[in-house]
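In: Structure of the sequence below:
(chains A and B)
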Amino acid sequence: MAGDIAVVTLGMLAVAAGIAVFVVDSMARATFALLASFLAVAGILLALDLVYLAVVTALMMTMEMAVMAIFMIMFMMNPAGLMPMTMVHNARGSAVAGASVFTVLTVGIWTIDWPARQGTQPDDATRQLGESIMGGHMLVMLVIGIGLFATIIAGTVLATQRGRYDRFGPELDARRPHDPVAGGLPR
Amino acid sequence: MTLQIVLTVAAALIGVGLFGTLSQQSIVMVMMGLELVVNGVLLAGGAAWYFLTPSAPDAQMLIVVALVVMAVEMVMGFAATIAIYRARQVDMVDMAKDLRG
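Out: Numbering: from 1, shown residues only, chains lettered A, B, ... in the order given. Predicted structure coming up:
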């Protein structure tokens, strides 16, 4: 019973924080509202006996939102409330889309004849996940690894303003780097 | 605590996230909406594992994939935001309409 109340409370907190993300004025505050939503979801995962995934979610999202807060301040649209402006476009259509998706999903959730629980819960959900990662679901992990590596490279390429081809020419044969300010490292 | 309650919370998160993704002008706020949608997927995966198939690890793998999707989405989103801001000082989706396609 206590678990039920905790899950319902955390669920309401998660949704309320999610709504707050798009209600608060400051984009930095929105970041921390999103963090609260993630932490509430991690709490529900904890109540569902997914200890490892709950901890990973909490840690990863805390760091992610800490990084995100920096970007939010960089790209803030209304810094310190000094530039009041509308941050939304097509709000009515978006609200209709969001509400209709929620309605369709909710109607489905409460009308579907859900199957009964299959099998029993393992003693340790983390062991179950680890054994599947290193066993039957190893392909998923391989794809994730390659995907993350590709993300590192692509992110670096996109975010780099000037690379070695900008500095030393297409053949990398310039004797001195072509820099806007002299003094950069030579080849 | 039933499957339906947790899934309803997940549906609400997905709905709110979709609203934010479609309505926000700032590119970084659009990414916040996408994160909220994946947050709902995370919750739905956990509910599916606990209430439907606790003996199979598939739903847990779905959560792992969703977490990775979040990380990749954020990295690539910020990289693209920085690239387009550096190229032409664009930080709102309405200013990059020529990218539609």
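In: give me the residue from chain A nearest chain B.
Out: A:Gly119 (2.5 Å; CB to the nearest CB). All C-beta spots, glycine's among them, are computed from the backbone N, C-alpha and C.
In: residue contacts, that residue?
Out: Residues in contact with A:Gly119 (CB atoms under 8 Å, 6 or more residues apart in numbering or on different chains) are B:53-56.
In: now check the helix or strand A:Ala30 falls within, is it near chain B?
Out: Assessed by DSSP states H and E, A:Ala30 sits inside helix A:27-47. Yes. Interface with chain B: helix A:27-47 contributes A:27, A:30-31, A:34, A:37-38, A:41, A:44-45, A:47 (CB under 8 Å from any CB of the partner chain).
In: Where does confidence bottom out across those residues?
Out: Lowest pLDDT among the residues of helix A:27-47 next to chain B: A:Met27, with 85.
In: tell me the residue furthest from the middle of chain B?
Out: B:Ser55 (27.3 Å; CA atoms, centre = their mean).
In: I'd guess that residue is in a helix, am I close?
Out: No. Under DSSP: H, G, I helix; E, B strand; the rest coil, B:Ser55 falls outside any helix and is assigned coil.
In: wait, what's in contact with A:Ile109?
Out: Per CB under 8 Å, 6+ apart, neighbours of A:Ile109: B:4, B:7-8, B:11.
In: nearest spatial neighbour of it, skipping sequence neighbours?
Out: Leaving aside its chain neighbours, A:Ile109 sits nearest to B:Leu7 (4.6 Å; criterion: CB to CB, 6 or more residues apart in numbering or on different chains).
In: biggest helix in chain A by residues?
Out: helix A:51-74 (DSSP state H).
In: number of nearby residues for residue 36?
Out: Just so you know, I chose chain A. Residues within reach of A:Ala36, counting by other CB atoms under 10 Å in any protein chain shown, total 18.
In: hm, I was asking about chain B
Out: 30.
In: Any stretches of the chain with poor pLDDT?
Out: Just going to use chain A. Low-confidence segments of chain A (pLDDT under 70): A:80-85, A:187.
In: think we crossed wires, I meant chain B
Out: Using pLDDT under 70, chain B drops low at B:1, B:101.
In: Could you check which residue of it lies nearest chain A?
Out: For chain B, CB to the nearest CB, closest residue to chain A: B:Ser55, 2.5 Å.
In: that older thread, what does the residue of chain A closest to chain B show for phi and psi?
Out: Per-residue torsions, A:Gly119: phi 70, psi -180 (degrees, to the nearest 10).
In: Quick check: the gap between it and B:Met32.
Out: A:Gly119 sits 37 Å away from B:Met32, going by CB to CB, to the nearest Å.
In: In contact with the residue of chain B closest to chain A, which residues?
Out: A:118-122.
In: Taking those residues, please make a ChimeraX selection of just the buried ones.
Out: Selection of buried members from the contacts of B:Ser55 for ChimeraX, criterion 16 or more other CB atoms under 10 Å in any protein chain shown:
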select /A:122
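In: Any chance of the contacts of B:Ser55 in CSV with secondary structure as columns?
Out: Listed next are those as CSV, based on three-state DSSP:
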residue, secondary structure
A:Gln118, coil
A:Gly119, coil
A:Thr120, coil
A:Gln121, coil
A:Pro122, coil
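In: number of nearby residues for the closest residue in space to A:Met72 that isn't next to it in sequence?
Out: The shortest distance from A:Met72 to any residue other than its chain neighbours is 4.3 Å, reached at A:Met27 (CB to CB, 6+ apart). A:Met27 has 25 neighbouring residues, counting by other CB under 10 Å.
In: mind checking how far A:Met27 is from B:Asp91?
Out: From A:Met27 to B:Asp91 the distance is 11 Å (CB to CB).
In: and for these two, which residues touch both?
Out: A:75, A:77, B:26, B:28.
In: Dump those into JSON lines; add neighbour count as well.
Out: Compiled in JSON lines, these are given as follows (neighbours: other CB atoms under 10 Å in any protein chain shown):
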{"residue": "A:Phe75", "neighbour count": "19"}
{"residue": "A:Met77", "neighbour count": "20"}
{"residue": "B:Ser26", "neighbour count": "21"}
{"residue": "B:Val28", "neighbour count": "22"}
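In: Done for today, thanks.
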